[in-house]
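**Student:** have a look at this prediction, sequence included:
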Amino acid sequence: MEKLGEQASRLVLVIYPFQGHINPMLQLAAIFHSKGYSITIVHPEFNSPNPSNHPQFTFISIPDKLLESKVSLSPGDFMSLVLALNKNCAAPLKQCLKRILDEMHPYERIAGIVYDALMYFAQTVADDLGLPGISMRPTAAAMLLFAVIPHPDQESVFENQLPELQPLQLKQMVAAMSENPTDAMSEVRAAALNATKRSSAMIANTMDFLEEVALSKIKEYSPAPIFTIGPFHKLAPSNSSSLLKEDAYCISWLDKQAPKSVIYASFGSMASLSKQDIVEIAWGLANSEQPFLWVIRPGLVLGSEGTELLPEGFQEKVGERGCIVKWAPQREVLAHDAVGGFWTHCGWNSTLESVSEGVAMLCKPCFGDQFLNMRYICYVWQIGLELDNELERGKIEGAIKRLMVDIEGVEIRNKAMDLKKKAEICLREGGTSYSSLNEFTKRIL
Ligand code: UDX
């Protein structure tokens, strides 16, 4: 990979403090570091990443005043939280950047402020200080269609100009988003869009071949250039940035399982399930007769550890065939030979991690962009099966067998392996993500 010359350039990266956003930002930091940049990570106090896992970066914590703002930290109150972070963190970020600029060696410079798209205040701070602001998109690029295409045009563009993306049901998503928008929602959307328009560039964690049609439409409408350099976690080695402790036991358990036999079930860091869902999933997994690795993170069922909700007789039925952990080293799990399928909530990080290992998916989205990701997986790329309606043990058992055993599953798994090969090509010299990264670094130099 091409590296910087002797010039000392620093990039300041601003984190949105949730797992699905911390991971891609720290992976991006590792990529830039591998290209020769010095890295400063600025993060709110809440959900602070562990600096000792990333000794090559400088970490600066800024006050977020979330306790004083009395915002709820539950995913349901997501928009109020975004507003509070953007309001409370602006002044501390500006102070922090001024200090960095004052204390910097004369031969050093800040090449840009890379911020999570939800921390849009960082664009204003960058503008005030005359620095380039670069927006990082941790979701599918297709989510940007809703941001860059003017609202009145969206329905007709989605309906008439993007026939290849009909399976994504973009028109239905616009309609759903327009239903009962809260004031907080409208404010966040308008402010984020405004920042995107002023940004010097956008970086998307995606690959061109996955989202060709969406990307070409975005380029038509967006004033800022978009660089597609995903999947971030594959472009440079990066240490774990898990907020919860990863349980390594599951890897030794996977070592004992037959190749491609295990269904890995995990619903990311924010999704929540009901007590009854846990019981249905437990029996669905048990009755499928497949070996399974299941992540039940504390809080997956609100206010509970989760494992105490497992039904009577379940453990006796599954014995050594099942492994349950609170948090897994997911990238390692998906890359393990024993894993043949991934039952996922379709978070974008999980989706990319699965695509890059060629693992077919069983999809049960929970909220937000996860529905769009599910439609990509099942109906555009055709590397997964949708598990629709409510969770019910018989349907779960049937879906696992369809994916892991039936002839239908063989085809889906073959397609998933084809995408893995395409992803590898993207990352090699001359590949789209490789080239896009080089182009980006040339631009910001
Ligand atoms: C959130 C949103 O829900 C998601 O839709 C959006 O695209 C990003 O922000 P989250 O729900 O946590 O993220 O899902 P996901 O995007 O899949 O990110 C979860 C991350 O946690 C992944 O990088 C995954 O590897 C990691 N993880 C998950 C673990 O390391 N161990 C686990 O046991 C589970």
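**Tutor:** Ah, there it is.

**Student:** residues in contact with the residue in the stretch 301-445 of the chain that the ligand sits nearest to?
**Tutor:** Nearest residue of the stretch 301-445 of the chain to the ligand: residue 347, at 2.2 Å (C-beta to the nearest ligand atom). Just so you know, the C-beta spots here come from the backbone N, C-alpha and C atoms, and that holds for glycine as well. By C-beta atoms under 8 Å, 6 or more residues apart in numbering, the contact list for residue 347 reads 20, 268, 269, 270, 271, 370, 373.

**Student:** same deal with residue 254?
**Tutor:** 262, 293, 323, 333, 336, 338, 339.

**Student:** give me the subset of the residues you listed lying in strands.
**Tutor:** 262, 293, 323, 339 (DSSP state E).

**Student:** bridging residues for the third one?
**Tutor:** What it means is residue 323. residue 293 (DSSP bridges).

**Student:** determine the longest strand present in the chain.
**Tutor:** Per DSSP E, the chain has its longest strand at strand 108-116.

**Student:** quick one: that strand to chain centroid distance?
**Tutor:** Computed by C-alpha atoms, centre = their mean, to the nearest Å, the chain-centroid distance of strand 108-116 equals 22 Å.

**Student:** report the mean per-residue pLDDT for it.
**Tutor:** In this model, strand 108-116 has a mean pLDDT of 96.

**Student:** report the contact partners of the residue in the stretch 1-150 of the chain that the ligand sits nearest to.
**Tutor:** The ligand sits closest to residue 20 of the stretch 1-150 of the chain, with a gap of 2.0 Å, by C-beta to the nearest ligand atom. Contact analysis of residue 20 by C-beta under 8 Å, 6+ apart lists 138, 268, 269, 270, 347, 348, 349.

**Student:** around the ligand, which positions in the stretch 301-445 of the chain sit nearby?
**Tutor:** 327, 328, 330, 331, 347, 348, 349, 350, 353, 368, 369, 370 (C-beta under 6 Å from any ligand atom).

**Student:** surely the fourth one forms part of a strand?
**Tutor:** It stands for residue 331. No: using DSSP: H, G, I helix; E, B strand; the rest coil, the secondary structure at residue 331 is helix, not a strand.

**Student:** so for it, what's the pLDDT?
**Tutor:** 98.

**Student:** leaving out the residues flanking it, which one is nearest to it?
**Tutor:** Among residues not flanking residue 331 along the chain, residue 353 sits closest, at 5.6 Å (C-beta to C-beta, 6 or more residues apart in numbering).

**Student:** how far does the helix or strand hosting the one you found sit from the chain's center?
**Tutor:** Secondary-structure assignment from DSSP states H and E places residue 353 in helix 348-357. From the chain centre to the centre of helix 348-357 is a distance of 9 Å (C-alpha atoms, centre = their mean).

**Student:** what pLDDT, on average, does it get?
**Tutor:** 98.

**Student:** ditto for stretch 308-317
**Tutor:** 96.

**Student:** okay, buried residues for it please.
**Tutor:** 309, 310, 314 (16 or more other C-beta atoms under 10 Å).

**Student:** what of stretch 332-348?
**Tutor:** 333-334, 336, 338-348.

**Student:** ok, the residue nearest the centre of the chain - contacts?
**Tutor:** In the chain, the centroid-proximal residue (C-alpha atoms, centre = their mean) is residue 349; its distance is 3.2 Å. Residues near residue 349 by C-beta under 8 Å, 6+ apart: 20, 23, 24, 138, 205, 268.

**Student:** in helices only, show me those.
**Tutor:** Among the contacts of residue 349, the members found in helices (DSSP state H) are 20, 23, 24.

**Student:** tabulate those (JSON lines), appending pLDDT.
**Tutor:** Supplementary listing: these in JSON lines, determined by pLDDT from 0 to 100:
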{"residue": "20", "pLDDT": "97"}
{"residue": "23", "pLDDT": "98"}
{"residue": "24", "pLDDT": "98"}
